[in-house]
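Enquirer: predicted model follows, preceded by the sequence.
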Amino acid sequence: MKAVSLISWLLSSSALPVSYSLDFTVGQETQLFDYITNQSRYDVRTRPSVHLLNEEKKPLEVRTSIFLYFLGNIEAQDLEFEAHLLIRQRWKDEKLAYKNISIDIENLEGEVWFADNIWTPNVFIENEVNSDLMKMTRDSIYVRIEDSGIVHYHYRVRTVVLCDMNLRRFPHDSQICSIKMESWTHPVDEVVLKWESVLPLARNNFMQPEYTISRESTLETVSVYKEQGTSPRGIGGVLQGRKPKGNYSTLIVEFELQRQLGHYIIDYYVPSALLVVMSWISFWLDPNAVPGRTTLGTTTWLTFNTMTKNTGTDQLPKVSYIKFLDIWFLACTVFIFSSLIEFAVVNTIWRRKENAQLSRLTGKHILKEGLKELGRSALTTPSFSRRNSNNLDAGKQNDSVRRNSFPCRQLMGIPNYTDTMSTLSAASSYATLSGGLHMLSTSNRKSSDSDSEEVTITVPSKNVAKQETSTEKPRQRLRSWGAVAGVLRRRKERFTVDQVIEVEEENKEEEEGKGNYLEHFQTMSYEEIAVWIDTKARIIFPLLFILFVVLYAVSVTNVTISNYIL
């Protein structure tokens with residue numbers, strides 16, 4: 001019974017099954033693969049060893065190359081991107097060599113079942129978020145074994161990889177994203193990952209909507225681990241806590257991704273620049289056109305704020321530093337807000353209905369006077385300021401009336417003819433209404449020693465005694481009004497045309513004397529100052545914005561002024 005069991009075991013586990021021969025021909029690839037991977041002569045768990053001539057072992061070299069099918073879905077907010085890769089690895093396993101037992105068969109090709117029966121390097125992507133093998137009906141794995149024992153192991157992978165992005169130059173940035181492949185179990189003294197010497201990296205000419213791959217490169221490095229610590233990231237080039245201590249071979253492929261600007265120029269730069277230019281239209285409107293200039297400024301401001309919220313910046317991570325696009329939007333905000341401030345300034349100056357005395361009509365003095373008026377009106381509401389201006393205008397008219405009144409002209413030596421004729425007319429009317437009395441004659445007596453006059457009024461003698469008592473008071477009143485009328489008439493006759501001309505010349509000389517101390521000043525109304533500020537703003541604002549655009553363009557292209565000139 002024991003003999004039968006021994007024979008059965010030998011038949012099932014013999015190195016040379018009874019159905020196999022040592023000369024495999026074309027069509028017997030499956031039998032050949034089963035023969036070389038038989039458990040009696042091949043252990044899938046054992047790493048292939050490489051012996052030198054002096055029997056010294058050296059690490060196994062795994063040559064690697066990558067074909068990039070797709071790279072995209074770059075999410076700046078999550079700091080990750082997606083890549084579709086074909087990873088091709090090549091190494092030599094002497095235990096799988098079959099040149100001595102088959103002359104006709106040069107290569108053995110298979111898929112998943114080949115990979116399950118041979119040793120393969122366990123390589124993982126160090127900065128992956130998640131990865132999986134691509135497949136339709138089966139996993140996309142391809143294995144080819146040459147007769148010399150060289151194994152080609154190809155598999156397709158879909159992976160989402162982290163990318164440490166620097167968004168300071170956004171949207172003029174270029175990001176360097178990498179894929180790091182590292183040996184998982186075997187340290188560098190057992191397995192070494194190396195790039196193929198010929199064409200280690202190739203890719204499709206796929207169309208990336210937002211980025212273009214401007215450069216790619218391959219690197220070989222070693223990741224150093226130590227057991228202490230819990231941080232999964234490297235500190236000073238040493239990785240902690242993730243694997244047993246040791247040095248592990250690592251392959252790195254880097255892609256430099258350049259962001260395309262067409263989308264940002266059309267959707268962000270051009271509209272924001274047009275909104276800034278639109279805010280300058282208020283400089284051509286009247287400084288007192290409050291509804292028009294206010295509506296234009298606030299509409300521009302609100303439209304710009306709405307546009308900045310739709311720039312896609314919500315898809316970016318909340319970084320603490322300032323991006324280039326933030327600088328652009330901040331500058332546009334300052335220009336639009338400055339146009340609103342300029343309107344408030346010129347409107348405040350415009351409301352002052354007076355003339356300003358300037359020593360010189362230069363921009364410095366005009367602006368200084370305008371700022372002085374702005375400072376004086378800083379705490380005054382517009383309605384109160386207008387009321388003060390109207391009161392000042394009314395005061396000027398009252399001063400003019402007072403200067404032309406009788407007391408003022410009498411002090412200046414000028415008679416008031418209008419008041420004189422009014423007084424005479426009033427005196428005559430009063431005499432007529434007082435009992436029907438009539439002025440029959442008036443005798444004027446001139447004396448060389450005195451300018452006094454005596455006015456005599458003769459009335460009818462009928463019933464004089466009877467009416468003497470009743471007309472006593474009207475007579476006295478009539479004498480007083482007649483005296484006034486005679487004095488005024490006398491002065492009118494005495495004031496000749498020559499004297500009027502003489503007085504006017506004296507008054508003119510006095511006015512000229514009063515203006516001598518202002519002869520070196522020049523007059524400019526505050527309305528003209530407001531218009532002058534608007535005129536200068538039409539030039540200054542565009543020039544400053546053009547200067548900012550030039551400096552911004554130089555900064556984003558990383559070109560200094562000296563290099564630009566050269």
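Expert: Great, that's in hand. This one's a predicted model, so the numbers in the text were calculated from it and none came from an experiment.
Enquirer: how many neighbours does the closest residue to residue 58 other than its chain neighbours have?
Expert: Once flanking residues are discounted, residue 58 sits nearest to residue 50: 5.1 Å by CB to CB, 6 or more residues apart in numbering. C-betas here are computed from N, CA, C, even on glycine. A count of nearby residues for residue 50, using other CB atoms under 10 Å, gives 15.
Enquirer: could you measure from residue 50 over to residue 184?
Expert: Look at residue 50 and residue 184: by CB to CB, to the nearest Å, they are 20 Å apart.
Enquirer: may I ask which helix or strand encompasses residue 299?
Expert: helix 290-309 (DSSP states H and E).
Enquirer: any idea which helix or strand comes after that helix?
Expert: Following helix 290-309 toward the C-terminus (DSSP H and E): helix 324-350.
Enquirer: need the contact partners of the helix holding residue 299.
Expert: Contacts to helix 290-309, defined as CB atoms under 8 Å, 6 or more residues apart in numbering, come from residues 268, 271-272, 275, 278-279, 281-282, 285, 329, 332-333, 336-337, 339-340, 343, 347.
Enquirer: I'd like the average pLDDT over it.
Expert: Regarding helix 290-309, the rounded mean pLDDT is 88.
Enquirer: okay, the angle between it and helix 324-350?
Expert: 170 degrees (axes from the mean of the first three to the mean of the last three CA atoms, to 10 degrees).
Enquirer: quick one: residue 143 and residue 155 touch, right?
Expert: No - between residue 143 and residue 155 no contact is recorded; they are 9.2 Å apart, counting by CB atoms under 8 Å.
Enquirer: common neighbours of these two, please.
Expert: What both residue 143 and residue 155 touch, as defined by CB under 8 Å, 6+ apart, is the set residue 115.
Enquirer: for residue 547, which residues are in contact?
Expert: Contacts of residue 547 (CB under 8 Å, 6+ apart): none.
Enquirer: let's verify it: helix, strand, or coil?
Expert: helix (DSSP: H, G, I helix; E, B strand; the rest coil).
Enquirer: can you pull out the strands in the stretch 1-150 of the chain?
Expert: 50-51, 57-58, 60-75, 80-92, 107-110, 123-125, 128-133, 141-146, 150-162 (DSSP state E, counting those that start in this stretch).
Enquirer: for residue 250, which of those is the nearest?
Expert: strand 123-125 (9.7 Å; CB to CB).
Enquirer: determine the set of other helices and strands touching that closest one.
Expert: strand 150-162, strand 174-183 (3 or more CB pairs under 8 Å, 6 or more residues apart in numbering; DSSP states H and E).
Enquirer: look up how far residue 43 lies from the spatially closest residue to residue 48 that is not a sequence neighbour.
Expert: Leaving aside its chain neighbours, residue 48 sits nearest to residue 93 (4.1 Å; criterion: CB to CB, 6+ apart). Distance of residue 93 to residue 43, computed by CB to CB: 11 Å.
Enquirer: before we move on, what about residue 27?
Expert: 28 Å.
Enquirer: list the buried residues in the helix holding residue 299.
Expert: 293, 296, 297, 300, 301, 304, 307, 308 (16 or more other CB atoms under 10 Å).
Enquirer: assess the claim that the residue nearest to residue 58 and residue 60 are in contact.
Expert: Yes - using CB under 8 Å, residue 50 is in contact with residue 60, at 5.7 Å.
Enquirer: okay, and the common contacts of those two?
Expert: Joint contacts of residue 50 and residue 60 (CB under 8 Å, 6+ apart) are residue 92.
Enquirer: just name the closest of the buried residues of helix 290-309 to residue 245, please.
Expert: residue 308 (51.2 Å).
Enquirer: look up the closest residue to residue 174, ignoring the ones flanking it.
Expert: Looking at residue 174 with CB to CB, 6+ apart, the closest residue is residue 258, at 4.6 Å.
Enquirer: so that neighbour sits in a strand?
Expert: Yes - assignment of residue 258 by three-state DSSP places it within a strand.
Enquirer: can you name the residues that contact it?
Expert: 174, 211, 212, 213, 214.
Enquirer: which among those residues count as buried?
Expert: Buried among the contacts of residue 258 by 16+ other CB under 10 Å: residue 211.
Enquirer: going by distance to residue 371, which of the contacts of residue 258 wins?
Expert: residue 174 (47.0 Å).
Enquirer: before we move on, the earlier item: and residue 93 and residue 43? which has more neighbours close in?
Expert: Neighbour count, other CB under 10 Å: between residue 93 and residue 43, residue 93 has more, with 22 against 11.
Enquirer: hmm, residue 120 and that one touching each other?
Expert: No - with contact defined as CB under 8 Å, residue 93 does not count as touching residue 120 (9.8 Å).
Enquirer: so, low pLDDT: which residues of the stretch 351-500 of the chain?
Expert: Scanning the stretch 351-500 of the chain for pLDDT under 70 picks out the ranges 378-500.
Enquirer: A strand includes residue 167, no?
Expert: No - with three-state DSSP as the criterion, residue 167 is coil rather than part of a strand.
Enquirer: tell me who's in contact with it.
Expert: Contacts of residue 167 (CB under 8 Å, 6+ apart): 76, 173, 316, 317, 319, 321, 323.
Enquirer: so what pLDDT did it get?
Expert: 86.
Enquirer: same check, this time on the one 5 residues further on
Expert: What the model reports as pLDDT for residue 172 is 87.
Enquirer: pull the number of nearby residues for the closest residue to it other than its chain neighbours.
Expert: Of all residues not flanking residue 172 in the chain, residue 556 sits nearest, at 4.1 Å (CB to CB, 6+ apart). With neighbours defined by other CB under 10 Å, the count for residue 556 comes to 17.
Enquirer: repeat for residue 262
Expert: Neighbour number of residue 262 under other CB under 10 Å is 8.
Enquirer: then residue 331?
Expert: 18.
Enquirer: now residue 333
Expert: 16.
Enquirer: tell me who's in contact with it.
Expert: residue 304.
Enquirer: 10 Å instead?
Expert: By CB atoms under 10 Å, 6 or more residues apart in numbering, the residues touching residue 333 are 272, 276, 301, 304, 305, 308.
Enquirer: how about residue 248?
Expert: By CB under 10 Å, 6+ apart, residue 248 lies in contact with 126, 182-188, 190-193, 221-225, 239.
Enquirer: how close does it get to residue 45?
Expert: 19 Å.
Enquirer: partners of the closest residue to residue 257 other than its chain neighbours in the sheet?
Expert: Nearest residue to residue 257 in three dimensions, chain neighbours excluded: residue 211, at 4.2 Å (CB to CB, 6+ apart). In this entry, residue 211 is beta-bridged to residue 259, by DSSP bridges.
Enquirer: residue 211 touches residue 176, doesn't it?
Expert: No - Residue 211 is not in contact with residue 176 according to CB atoms under 10 Å; the separation is 11.7 Å.
Enquirer: any common contacting residues for these two?
Expert: Common neighbours of residue 211 and residue 176 (CB under 10 Å, 6+ apart) are 255, 256, 257.
Enquirer: look at the first one and say how many residues are nearby.
Expert: So that's residue 255. Neighbour number of residue 255 under other CB under 10 Å is 22.
Enquirer: quick one, phi/psi of it?
Expert: phi -120, psi 130 (degrees, to the nearest 10).
Enquirer: distance check, it against residue 367.
Expert: 56 Å.
Enquirer: likewise residue 295?
Expert: 27 Å.
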